[in-house]
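Peer 1: Just to be clear, the model below is a prediction. Sequence and coordinates:
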Amino acid sequence: MDRPSIFKIYLIYFVSMALFCVLRILSAFNIPAQMHSEMVDIIYTLLIQVGLMFLLPLTLYTMVNRKNGGIKQTFANLKFKKISFQAVLISLCLGFLAFFVNIAVSTVFNGVLGMFGYSQPITGTAVNESPLFPDWLSFIVQVISVALLPAICEEFLHRGILLRGIYKIGSKKAIVISSLLFGLVHFNVNQFFYAFILGMLMALITIVAKSIYPAIIIHFVNNFVSIYLAAAETYGWFGKNFYNGINIFLQSGNALLTFFMCFTSLMFIVLLLIWLIARLYKITTLNKVKKVIDSMYTRDEKAVSNSPIVLETNKMLQDMLENQTTLNLNFEEMESPIDVVLPKQTDIITPKNYDNLFLFSSYVLGGLVTLFTFIWGLLWLILFVLVK
């Protein structure tokens, strides 16, 4: 199946990113100023998430790929494929673990930024404004705008259009590029680091699971947990002392003991992540293998279920595993252990210079805005003191 050229994929992404940047600038100045700030946030969220990260790239991608089908085929191309209930459960667990990984990554890199004198600017609701919604409704609005919509729309753009659109340059390169842009598009130095790490995780899982749905679930759970804990602390709900509990657990009077506890906890989370990804890989791979077996061994034109076939000794099945990008069995050509789970590619292409024009443009735009947020963080405390 033909796909839009890499040049067009990067162009689609840059257009979405540039318009997103414009809206972020407008929202920073609270335009329109006459509206309640919470309502302004809702409007901008809908414009950015639904408009710029979903509808616009969906329309452009479908237009440049129209010869291969309409919108339905577009979603098929972008790996919107059903997953089993067990895969859903694993994805939920991965989402919870991703939240703890984000805490660790954020803590480390915020500490590094703090060493350079960076202080995150404080933003909030205007002093004269009263809350627009009751507590419970405000929480629901937050879940929709900060967890549900980003999970669907941001994954559609990054793990859908971008990752799948440039997949032929090599899966590992596609993972790094899509994750780096996912970090930069947040336009915030505080969010860049953990968004990049989370993007790497979700891109790998999208390829392993051969479906975008696990990444959507992980993204939603990660954001939801963060929203809930913030609401719990504000409104006194269950889990309000979660962060205090984490700090008490990790801190002690002995610096060496504290480091050991932090390192041990992080290693446990990482190992659990690896095990769950392996389980997800096994489920999706065996499901595909079973379908091939059932199609190979038929009786009365009906697939035979639970075929008693020894997989290791079946040459036809092993050829299918190696050549149909289900499992890489060629260990002699592996460059790294990650090659075991990443599908083997035989049609890798090398982009030409003009193909990367809008990729570099996205790097420059995202990098400059992210750098500006870092510089603003360096100057914010000084400006705040002078204004006071």
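Peer 2: The structure has been received and is ready for your questions. Because the structure is predicted, anything quoted here is derived from the model rather than measured.

Peer 1: Count the residues that sit near F260.
Peer 2: Residues lying near F260 (other Cβ atoms under 10 Å) number 12. (Glycine included, C-beta is placed from N, CA and C.)

Peer 1: Could you measure from it over to G245?
Peer 2: 19 Å (Cβ to Cβ, to the nearest Å).

Peer 1: now do I269
Peer 2: As defined by Cβ to Cβ, I269 lies at a distance of 16 Å from G245.

Peer 1: Between these two, tell me which one has more neighbours.
Peer 2: I269 (18 against 10).

Peer 1: Hmm, the more buried one is touching F100, no?
Peer 2: Yes: A contact is recorded between I269 and F100 when judged using Cβ atoms under 8 Å, the distance being 5.3 Å.

Peer 1: Spell out, range by range, the strands that occur in the stretch 151-300 of the chain.
Peer 2: All strands of the stretch 151-300 of the chain, identified by DSSP state E, counting those that start in this stretch, fall at 298-299.

Peer 1: Might you list the low-confidence residue ranges for it?
Peer 2: Scanning the stretch 151-300 of the chain for pLDDT under 70 picks out the ranges 249-255, 285-300.

Peer 1: Go again with 50.
Peer 2: Counting by pLDDT under 50, the ranges of the stretch 151-300 of the chain that qualify are 299-300.

Peer 1: could you pull out the helices for it?
Peer 2: Listed in chain order, the helices of the stretch 151-300 of the chain (DSSP state H, counting those that start in this stretch) span 163-165, 171-184, 189-209, 213-235, 242-250, 255-296.

Peer 1: Pull out the buried positions in the fourth one.
Peer 2: Using 16 or more other Cβ atoms under 10 Å as the test for burial, helix 213-235 gives 213-229, 231-232.

Peer 1: quick check: angle from it to helix 242-250?
Peer 2: Helix 213-235 runs at 100 degrees relative to helix 242-250, counting by axes from the mean of the first three to the mean of the last three Cα atoms, to 10 degrees.

Peer 1: can you state the direction angle for helix 213-235 and helix 189-209?
Peer 2: Relative orientation of helix 213-235 with respect to helix 189-209: 140 degrees, computed using the same axes, to 10 degrees.

Peer 1: Dump helix 213-235 to PDB, keeping only the CA atoms.
Peer 2: Provided in PDB are the C-alpha atoms of helix 213-235 (Å, rounded to 0.1, in the frame of the first residue of the first chain):
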ATOM      1  CA  TYR A 213      -4.900   1.800  21.200                       C
ATOM      2  CA  PRO A 214      -2.400   0.800  23.900                       C
ATOM      3  CA  ALA A 215      -0.600   4.100  23.600                       C
ATOM      4  CA  ILE A 216      -3.900   6.000  23.900                       C
ATOM      5  CA  ILE A 217      -4.800   4.000  27.000                       C
ATOM      6  CA  ILE A 218      -1.400   4.600  28.500                       C
ATOM      7  CA  HIS A 219      -1.500   8.300  27.700                       C
ATOM      8  CA  PHE A 220      -5.000   8.700  29.300                       C
ATOM      9  CA  VAL A 221      -4.100   6.800  32.500                       C
ATOM     10  CA  ASN A 222      -0.900   8.800  33.000                       C
ATOM     11  CA  ASN A 223      -2.700  12.100  32.600                       C
ATOM     12  CA  PHE A 224      -5.700  11.000  34.600                       C
ATOM     13  CA  VAL A 225      -3.700   9.900  37.600                       C
ATOM     14  CA  SER A 226      -2.000  13.300  37.700                       C
ATOM     15  CA  ILE A 227      -5.300  15.100  37.400                       C
ATOM     16  CA  TYR A 228      -6.900  13.100  40.100                       C
ATOM     17  CA  LEU A 229      -4.100  13.400  42.600                       C
ATOM     18  CA  ALA A 230      -4.100  17.200  42.100                       C
ATOM     19  CA  ALA A 231      -7.800  17.300  42.600                       C
ATOM     20  CA  ALA A 232      -7.600  15.000  45.700                       C
ATOM     21  CA  GLU A 233      -5.000  17.400  47.200                       C
ATOM     22  CA  THR A 234      -7.200  20.400  46.500                       C
ATOM     23  CA  TYR A 235     -10.600  19.000  47.500                       C
END
